[in-house]
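Asks: I would like the atomic coordinates for the input below:
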Amino acid sequence: MKLALGPVQYYWPRETVFEFYQAMAETPVDIVYLGEAVCSRRHELRQSDWMDIARMLQGAGKEAVMSTMVLLESTSDVADMHKIARDEEFPVEANDMGAVHNLAGKRPFVAGPQLNIFNADTLAWMASLGARRWVMPLEMRQSDLAVLLKDKPAGLETEVFAYGRMPLAFSARCFTARHYNLPKDDCGFRCIEHPDGQLLQTREKEPFLVINGIQTQSARVHNLVQDIPALRAAGADILRLSPQSQHMDKIIAAFDAARRAERPDPAALANMRPFMPEASCNGYWHGKPGLDLITPAPAIA
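Replies: Here you go, the predicted model:
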């Protein structure tokens, strides 16, 4: 089972991004997704910078993949997507159907998690268009994944979002700009002040959601480290870990140890908590509300 590092969801300074990926080159991740997938106004890095990072990671033995944006809102967004799709140096993760259309029949691609592939017919269709890997939707439960993969197209890899705050929604409205009473087109790039998004709480001071520009995330951190035996049994080939600004190397190390272990470590979640921005959840995987945390039944010796 491989480990993948998803695209950075947040807006970080240019130097921070380069330093982050230099550190990630030394970790045991196998695949790294690169590029801006959330907001086209984030211009700390140009496409040439992302390509330089991809070449550096490739030299370190990683598979580098260029991700397209989820929500295209302008002709310039579409032009950027076309540019990524045309470049054949690195594989592409298609995060909207426009990108799929541009890649279909031309070269293999990764079908991203926001394409909402929930049934075998859709999965087979996506594979016929050229998908060599697909990322399971966040809301899919393990039993549904197991059923879907019984008739999986030959050669198609399955990737599961296994760690990180879950991207729940994308909107044409920028919630961060709204928070600061700024117009979206003159936002002052305030996202850069929140390297892990901006936490929202209920009146009872309970973590509720995280706003990240046009993206809304879960406050709790989706964490399947104790569900790896079930992931393997269901047919998952790759576990996706979403980047956070601090302690990402320790999170990767925990998943690396878990994928190599013969049995799950019952203390894995507790050991990871000091390195996480918020408490764990895994409800969707177990067919429960997403913010729930379900402890898997212990393996029978």
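
Asks: hang on, Asn116 packs against Leu138?
Replies: No. Counting by Cβ atoms under 8 Å, Asn116 does not reach Leu138; the two are 9.8 Å apart. For glycine as for every other residue, the C-beta is placed from the backbone atoms N, C-alpha and C.

Asks: Between those two, point out the one with more neighbours.
Replies: Set Asn116 next to Leu138 and count neighbours by other Cβ atoms under 10 Å: Leu138 wins out with 19 against 11.

Asks: what's the closest non-adjacent residue to the more buried one?
Replies: Excluding its sequence neighbours, the residue lying closest to Leu138 (Cβ to Cβ, 6 or more residues apart in numbering) is Met166, at 5.1 Å.

Asks: One more: Ala127?
Replies: Pro153 (3.9 Å).

Asks: what's Pro108 in contact with, if anything?
Replies: 91, 130-132 (Cβ atoms under 8 Å, 6 or more residues apart in numbering).

Asks: related to what we said a few turns ago, the residue nearest to Leu138: neighbouring residues, count only.
Replies: Neighbours of Met166 under the rule other Cβ under 10 Å: 21.

Asks: From Arg232, how far off is it?
Replies: Look at Met166 and Arg232: by Cβ to Cβ, to the nearest Å, they are 22 Å apart.

Asks: Can you list phi and psi of the nearest residue to Gly105 once chain neighbours are set aside for me?
Replies: Nearest residue to Gly105, sequence neighbours excluded (Cβ to Cβ, 6+ apart): Gly130, at 6.2 Å. For Gly130, the backbone dihedrals (degrees, to the nearest 10) come out as phi 130, psi 0.

Asks: Roughly how far does Gly130 sit from Gly112?
Replies: In terms of Cβ to Cβ, Gly130 sits 14 Å off from Gly112.

Asks: Could you check which of these two has the larger neighbour count?
Replies: Gly112 (29 against 16).

Asks: My understanding was that that one contacts Glu93; is that so?
Replies: Yes. With contact defined as Cβ under 8 Å, Gly112 reaches Glu93; the gap is 4.9 Å.

Asks: can you list residues touching both of those two?
Replies: Joint contacts of Gly112 and Glu93 (Cβ under 8 Å, 6+ apart) are 67-68, 135.

Asks: Now restrict these to buried residues only.
Replies: Buried members of the shared contacts of Gly112 and Glu93, scored by 16 or more other Cβ atoms under 10 Å, are 67-68, 135.

Asks: Before we go further, the residue nearest to Leu138 is sitting in a helix, right?
Replies: No. Using DSSP: H, G, I helix; E, B strand; the rest coil, the secondary structure at Met166 is strand, not a helix.

Asks: and it, what is it in contact with?
Replies: For Met166, the contact set (Cβ under 8 Å, 6+ apart) comprises 138, 217-218, 222, 284, 290.

Asks: Turn those into CSV, including pLDDT and distance to Leu199.
Replies: Shown next, in CSV, are those (pLDDT from 0 to 100; distance: Cβ to Cβ, whole Å):
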residue, pLDDT, distance to Leu199
Leu138, 94, 19
Gln217, 97, 10
Ser218, 96, 11
His222, 98, 16
Tyr284, 96, 20
Gly290, 93, 17
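
Asks: Show me which pair in those is furthest apart.
Replies: Gln217 and Tyr284 (13.7 Å; Cβ to Cβ).

Asks: how about the strands in the stretch 201-301 of the chain?
Replies: For the stretch 201-301 of the chain, the strands defined by DSSP state E, counting those that start in this stretch cover 207-212, 215-223, 238-241, 280-281.

Asks: So what touches the longest one?
Replies: Residues outside strand 215-223 that contact it (Cβ under 8 Å, 6+ apart) are 9, 38-39, 138, 161-171, 175, 197, 199-200, 207-211, 269, 272, 276-282, 284, 290-291.
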